[in-house]
Structure formats: structure tokens, C-alpha cells
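Participant: sequence-free structure coming up:
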């Protein structure tokens with residue numbers, strides 16, 4: 001059994017990750033933690049999450065429980081994540097990181113630390129269906145080439161702090177790579193006013209924030225006289241949490257370094 005520590009265990013994602021870990025046959029929910037000021041500290045993580053007594057009290061921070069587990073699952077906030085990564089490196093603990101809003105510099109730091117100290121699965125979205133979507137978008141862009149415009153629309157709940165979503169950015173990167181473009185150069189993230197005609201190389205990524213939308217992503221490939229739309233809709237957070245538990249079971253015991261959900265799902269060469 002792989003012993004797992006869940007970060008942000010009182011949050012919406014943390015509760016569902018705790019549930020999935022608790023019910024995974026190859027994992028043990030060994031510890032859970034929150035910010036020391038969180039009112040859930042001290043409560044049983046299962047009772048707090050609505051899935052029964054788990055026998056694990058929510059601790060006030062990672063340092064208090066880091067010796068209890070082998071893998072840390074973190075879907076919290078990018079600034080907090082960077083602190084957890086430092087502790088994981090010091091203690092040689094594997095990580096599964098689904099936090100969004102990480103900058104290229106953050107990802108570079110995580111990669112450097114992981115290569116020297118611990119194995120880490122990092123992905124902007126750990127749902128199995130979304131990772132299949134990533135590969136489908138890459139393949140479709142490569143087949144259609146420059147004759148088709150690429151546009152991405154993403155929608156999430158009104159409380160989501162970052163925009164565009166990490167998933168939308170990854171979709172843009174997959175399409176750009178297949179088209180031999182750099183998303184940093186061709187990405188268009190807003191349109192307003194007299195913007196002129198669309199360029200041939202741009203990849204548009206537009207954002208919707210409303211209500212309690214869990215997560216929706218549509219990629220448009222629009223050509224002369226036709227278009228292809230590839231859509232993924234998440235109906236609950238359980239898809240992300242289930243993928244995180246799958247990644248935790250997979251990463252335990254792997255060599256130090258950075259991995260993605262493509263590695264976990266065997267999609268690297270797809």
C-alpha cells in the first residue's frame with residue numbers, strides 16, 4: 001500500500017481526492033493537511049469530506065505530517081505548491097501536482113528539484129478524458145495543418161482564480177507544437193474593438209467564468225466550408241480526483257524526475 005498525504009484536504013478538490021485515495025485498493029490515506037488557520041484543522045478528513053470516519057485528522061501544515069506518507073497530492077494554490085515542493089525535495093517524497101497557475105519559472109524550479117530529489121507527476125488536468133483530448137488535438141492539428149484556424153474556448157465556475165485555465169493553455173501548446181508554432185508568440189487571449197482580420201498563425205484562447213461550471217473545453221478547427229469541434233465536459237470533480245489517485249499509485253517508487261499523465265496513462269507515444 002502506498003501511503004498518501006493530501007494537501008488542501010478541506011477544499012472542494014481536496015475532499016474528493018481524499019475520498020478517492022481512501023477508496024483506492026492500492027493506496028492508504030495516511031495524512032491530510034490544511035493551512036494552520038483553516039477551521040477544518042483537527043477534524044477527521046472523512047467526516048469533513050462527507051464520506052465517513054477515515055481515522056485521519058486534518059493537520060496544520062505539511063511539515064506536521066510529511067513523515068507519514070510516501071506521496072503528496074497537491075491541487076492547492078501555486079504559491080503554496082512551491083513551498084510544498086521544497087519540503088518534498090528535502091524529505092525525498094514523491095509528488096502529484098495538479099495545481100494550476102504555475103508560471104514557467106515555477107515549473108522550471110519544480111523540474112530542477114524533482115530531477116535531483118524526488119519523482120513528480122505534474123499536469124494541468126489529470127482527468128483521463130482530458131489527457132486523451134490533449135493527444136487528439138495534437139494529432140488533429142498535425143493532420144489539418146495551417147489551412148484550419150485553431151480556437152479554444154474554456155468555461156469554469158465563477159470562483160476559479162486563474163485564466164485561461166491550465167488545461168486550455170496545454171491544449172494551445174499541443175496544437176502549436178503540432179503546427180510548429182510557439183504559443184507564447186501566437187496566442188491571442190482577448191479580442192475587443194477594431195482588431196482587424198484574424199492572422200493565419202494565431203491560436204485564440206477565450207475564457208468564460210460563470211456559476212458552478214466544473215470545467216468545459218472546446219477546440220475549434222475551422223477551415224473553408226467546414227469545421228471540427230472537439231469538446232470535453234467535466235460533470236464532477238471526481239474525474240480529476242480519480243486521475244490524481246491513479247497518478248499517486250503509479251509514481252511511487254519511480255526514479256527521480258518529472259512525469260506527466262501521458263506517462264501514467266501510457267499515452268507518451270500515442
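Facilitator: Arrived safely, thanks for sending. What you see is a predicted model; the values in this text were computed from it and never measured.
Participant: what sits against the residue found closest to residue 162 once you drop the neighbours it is linked to in the chain?
Facilitator: Closest residue to residue 162 apart from its sequence neighbours, by C-beta to C-beta, 6 or more residues apart in numbering: residue 101 at 4.0 Å. Heads up, the C-betas are built off the backbone N, CA and C, glycines and all. Contact analysis of residue 101 by C-beta atoms under 8 Å, 6 or more residues apart in numbering lists 77-78, 161-162, 166.
Participant: got it, and residue 26?
Facilitator: Residues counted as contacts of residue 26 (C-beta under 8 Å, 6+ apart) are 1-2, 249.
Participant: Turn those into TSV, columns for pLDDT, distance to residue 89 and secondary structure.
Facilitator: Shown next, in TSV, are the contacts of residue 26 (pLDDT from 0 to 100; distance: C-beta to C-beta, whole Å; DSSP: H, G, I helix; E, B strand; the rest coil):
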residue	pLDDT	distance to residue 89	secondary structure
1	92	24	coil
2	97	19	strand
249	97	22	helix
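Participant: Give the ChimeraX command for selecting the buried subset of those.
Facilitator: The ChimeraX command for the buried members of those (criterion: 16 or more other C-beta atoms under 10 Å) is given here:
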select :2,249
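Participant: out of the contacts of residue 26, which one sits closest to residue 201?
Facilitator: Distances from residue 201 to those, taken as C-beta to C-beta, are shortest for residue 249 (41.1 Å).
Participant: and the closest one, what is it in contact with?
Facilitator: The contact partners of residue 249, taken as C-beta under 8 Å, 6+ apart, are 2, 24, 26-27.
Participant: domain ranges for the protein?
Facilitator: The record assigns the chain these domain ranges, following automatic domain parsing: 2-122+237-265, 128-234.
Participant: Please enumerate the helices of the stretch 151-270 of the chain.
Facilitator: Assigned by DSSP state H, counting those that start in this stretch, the stretch 151-270 of the chain shows helices spanning 166-178, 183-186, 238-251, 261-265.
Participant: Which one, of those, ends up nearest to residue 105?
Facilitator: helix 183-186 (13.4 Å).
Participant: Identify the residues contacting that closest one?
Facilitator: By C-beta under 8 Å, 6+ apart, the list of residues contacting helix 183-186 reads 169, 172-173, 176, 199, 201-203.
Participant: Throw together a PyMOL command that grabs the buried residues out of these.
Facilitator: Listed next is the PyMOL selection for buried residues among the contacts of helix 183-186, using 16+ other C-beta under 10 Å:
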select buried, resi 169+172+173+176+203
